[in-house]
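Peer 1: Predicted structure and sequence below. I'll ask about it afterward.
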There are 2 protein chains.
Amino acid sequence: MRQFTWDDLQYFLAVARTGQLTTAARRLRTNHVTVSRRIDRLEEALSARLFERNPRGYILTALGEKLIESAEIVEREADRFQNEASGGTISLSGVVRLSILEGFANFFLADRLPLMAQSYPSLSIEMVTIQQIVSLSRREADLSITLHATRTGPYHQEKLMPYRLFIYGSKDYLSRHPEIRQQSDLSSHQFIGYIEDMIFTPGLDYMREILPGLRASYQSSSIFAQLSATRSSFGLCILPYYIACNYPELVPVLPRQLHLNRDYWLICHEDIVSTPRIRVLSNFIKSELENQTEIFGGQSLLA
Amino acid sequence: MRQFTWDDLQYFLAVARTGQLTTAARRLRTNHVTVSRRIDRLEEALSARLFERNPRGYILTALGEKLIESAEIVEREADRFQNEASGGTISLSGVVRLSILEGFANFFLADRLPLMAQSYPSLSIEMVTIQQIVSLSRREADLSITLHATRTGPYHQEKLMPYRLFIYGSKDYLSRHPEIRQQSDLSSHQFIGYIEDMIFTPGLDYMREILPGLRASYQSSSIFAQLSATRSSFGLCILPYYIACNYPELVPVLPRQLHLNRDYWLICHEDIVSTPRIRVLSNFIKSELENQTEIFGGQSLLA
DNA sequence: CAGTGAATGTACATTTTTGTACTTATTATG
DNA sequence: CATAATAAGTACAAAAATGTACATTCACTG
């Protein structure tokens, strides 16, 4: 009979949090096969079933749910151990340059990163909000958040968070136009979107995907500008739920029929993935994202 | 660069507690080579030195000392995890039969084991105090505490605790006799000891080792009887420090020159070593022994 | 209702970890 | 001062864990 090893708790937590072997594997810098085997082994050692398996992912059993808390204490303390061993906070210094998509940077990280920065006074954090993909290979950034994994290369990449986009209009704008009942009603509206020639990553080409043939009449390379235009009733705009939900005057249009799914990815060089300053920062981002799936998924609009 | 794994904390704790690779290895059911490698790896991952190495054993550095606490929290919580996963306290039932040397049983465990038994109401603990080695192979006991490791066989065995024995006499007895200044003065005294034909384990043959040629004039197979006789001033007796130190009327004789070292060993079948009820009991015994090295070693008498 | 994508599952080659046998070093002992 | 005992260190063989490539399953989509 297999024996229980503390290390497997790390795998347990990763799978519990991501709900998937594959995503957990990326987070643990290994592959789904290994994760699967270690979960099997853990269950065997405990003679208990921790997850329900299905082809779409793993979900915690009631027992697994109960054990999360305990595993998290182990995690917290192991982290503390590692931190103290490395001399604690003081030793964390230097510069980390983050290259982050504008929306995520401004609407999620902007008011959270400073808190982090405070805890590490001698660590200097540089957040570059980008509209072009910044080259990690030329070290223009240490850590990058994008919409896609890179095909190959010496990078560590993990899926950070899925999010969902809907079509929004302001209350005012919608009240001045006939009610939108089906997709075809949209063609008579004005749209706000990205500048087509400047779309630097396929994931941002929303219009082509959701409203093929339509063209935005007001185009900006900045999501902030698009949001402003939408709020001032210029027209309809495709926006992430996690951004739009902060503005009560914005109303989703046909949310059940029309929405898009995207994923944020966290990417960095293999060489630096395990350095303390990178680890601290990426752990911070991941921990801030935890339990925020509703904010990013906008499930309430689909029910 | 190696990466930090939670599992290595188990090795860290074991070495910190036993002070030796070899003993830690037995406790972890592996060998000293593996333990050494995992400590090396841990230190490398943390870029920090946790132990001072020398041929007699490993001792914690100041940093290592500081980290113990954190590692112990991890341990406690990992144990809790394992316990809860297996259904918690309730599932722990059945019988465990312990076969324990009389002295250790009566003078150390007797008033501690009941506490343990209380926490597991449906677990029934049977403590057999033995003067013959009980056969583990015929399952006359599940867990056994002895003075020696068995030569071979399908057993898990670990060194539990070293202890030291001294020659004692009562204050009254010693005051009625001329002062004992050297070993040769002892031959004129009456001795209390084990019945020679009934010494079932070589480790109990104290007299031959410390006072060759002498024979005890009062012999009993029970250490309790020997203690009583010594306290009532019948003569001198070789007693473990951890027992004698509870009786202020007992005075050690030539402690620096004359003392014996012994070790308690914990032995059980490989097959059952990892069952919860065995694990709980042996962990309890080990935890009760922790920080009791002074009581067992009697270092104060050697200084 | 076939095709695509994204997930888990399986088989085998590779790498890593572990254990055994032996060597070396230090302490206690006669 | 040699010898025994006990611990750590080293080299190589055995065993186990890992990663890659491929197969399978299920949901979504046109």
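Peer 2: Here it is on my side, so go on.

Peer 1: Tell me which residues of the longest strand along chain A come out buried.
Peer 2: The longest strand of chain A (DSSP state E) is strand A:155-170. For strand A:155-170, the neighbour count (16 or more other CB atoms under 10 Å in any protein chain shown) marks A:155-161, A:163-170 as buried. C-beta: built from backbone N, CA, C; applies to glycine.

Peer 1: Check those residues one by one and keep those near DNA strand C.
Peer 2: residue A:159 (CB under 7 Å from any atom of the strand).

Peer 1: Quote the end-to-end distance of stretch A:103-114.
Peer 2: End-to-end distance for stretch A:103-114: 17 Å, by CA to CA, to the nearest Å.

Peer 1: before we move on, back to that, touching DNA strand D at all, the longest strand of chain A?
Peer 2: No: for strand A:155-170, no contact with DNA strand D is found by CB under 7 Å from any atom of the strand; the gap never falls below 11.6 Å.

Peer 1: just stretch A:49-61 next, same as before
Peer 2: Yes: counting by CB under 7 Å from any atom of the strand, DNA strand D is contacted by stretch A:49-61 at A:54-56.

Peer 1: quick revisit: and the helix or strand that the longest strand of chain A is followed by, what does it pack onto?
Peer 2: Heading C-terminal from strand A:155-170, the first helix or strand you meet, by DSSP states H and E, is helix A:171-175. Helix A:171-175 sits against strand A:250-253, with contacts defined as 3 or more CB pairs under 8 Å, 6 or more residues apart in numbering or on different chains; DSSP states H and E.

Peer 1: ok, and for the strand it packs on, which residues are buried?
Peer 2: A:250-253.

Peer 1: so which of those would you say is closest to residue A:31?
Peer 2: residue A:252 (38.1 Å; CB to CB).

Peer 1: can I assume that closest one is in contact with residue A:165?
Peer 2: No: in this structure, residue A:252 is not within contact of residue A:165 by CB atoms under 8 Å, at 10.0 Å.

Peer 1: neighbouring strands for the longest strand of chain A, and are they parallel or not?
Peer 2: strand A:236-240 (antiparallel), strand A:250-253 (antiparallel), strand A:259-269 (antiparallel) (DSSP bridges).

Peer 1: deepest of those strands, which one?
Peer 2: strand A:236-240 (a mean of 25; mean count of other CB atoms under 10 Å in any protein chain shown).

Peer 1: re earlier: let's test this: mean pLDDT of the longest strand of chain A, rounded?
Peer 2: Per-residue pLDDT over strand A:155-170 has a mean of 90.

Peer 1: distance between it and the chain's centre?
Peer 2: Centre-to-centre, strand A:155-170 and its host chain are 6 Å apart (CA atoms, centre = their mean, to the nearest Å).

Peer 1: Equivalent analysis for stretch A:212-228, please.
Peer 2: That offset, for stretch A:212-228, works out to 22 Å (CA atoms, centre = their mean).

Peer 1: What are the buried residues along that stretch?
Peer 2: Those would be A:216, A:219-221, A:223, A:226-227, for stretch A:212-228 by 16+ other CB under 10 Å.

Peer 1: Out of those, which sit inside helices?
Peer 2: A:223, A:226-227 (DSSP state H).

Peer 1: Would you reformat those as TSV and include pLDDT?
Peer 2: Converted to TSV, these look like this (pLDDT from 0 to 100):
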residue	pLDDT
A:223	88
A:226	89
A:227	92
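
Peer 1: Just send these back as JSON lines, with distance to DNA strand D too.
Peer 2: Output for those, formatted as JSON lines (distance: CB to the nearest atom of the strand, whole Å):
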{"residue": "A:223", "distance to DNA strand D": "23"}
{"residue": "A:226", "distance to DNA strand D": "23"}
{"residue": "A:227", "distance to DNA strand D": "25"}
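
Peer 1: Determine the three-state secondary structure at residue A:126.
Peer 2: strand (DSSP: H, G, I helix; E, B strand; the rest coil).

Peer 1: Ignoring the adjacent residues along the chain, who's closest to it?
Peer 2: In space, and not counting its chain neighbours, residue A:126 is closest to residue A:97: 4.4 Å by CB to CB, 6 or more residues apart in numbering or on different chains.

Peer 1: Same check on residue A:72?
Peer 2: residue A:13 (7.0 Å).

Peer 1: did I read that right, that neighbour in a helix?
Peer 2: Yes: Residue A:13 forms part of a helix when assessed by three-state DSSP.

Peer 1: any idea how far residue A:294 is from it?
Peer 2: 20 Å (CB to CB, to the nearest Å).

Peer 1: Same question for residue A:221.
Peer 2: Residue A:221 is 29 Å from residue A:294, by CB to CB.

Peer 1: Which residue ranges of the stretch 51-200 of chain A form strands?
Peer 2: A:51-54, A:57-60, A:94-101, A:123-130, A:143-146, A:155-170, A:191-193 (DSSP state E, counting those that start in this stretch).

Peer 1: Direction included, what does the fifth one pair against?
Peer 2: By that I understand strand A:143-146. Short version: by DSSP bridges, strand A:143-146 pairs with strand A:94-101 (parallel), strand A:259-269 (antiparallel).

Peer 1: Lowest mean pLDDT across those, which one is that?
Peer 2: strand A:94-101 (a mean of 85).
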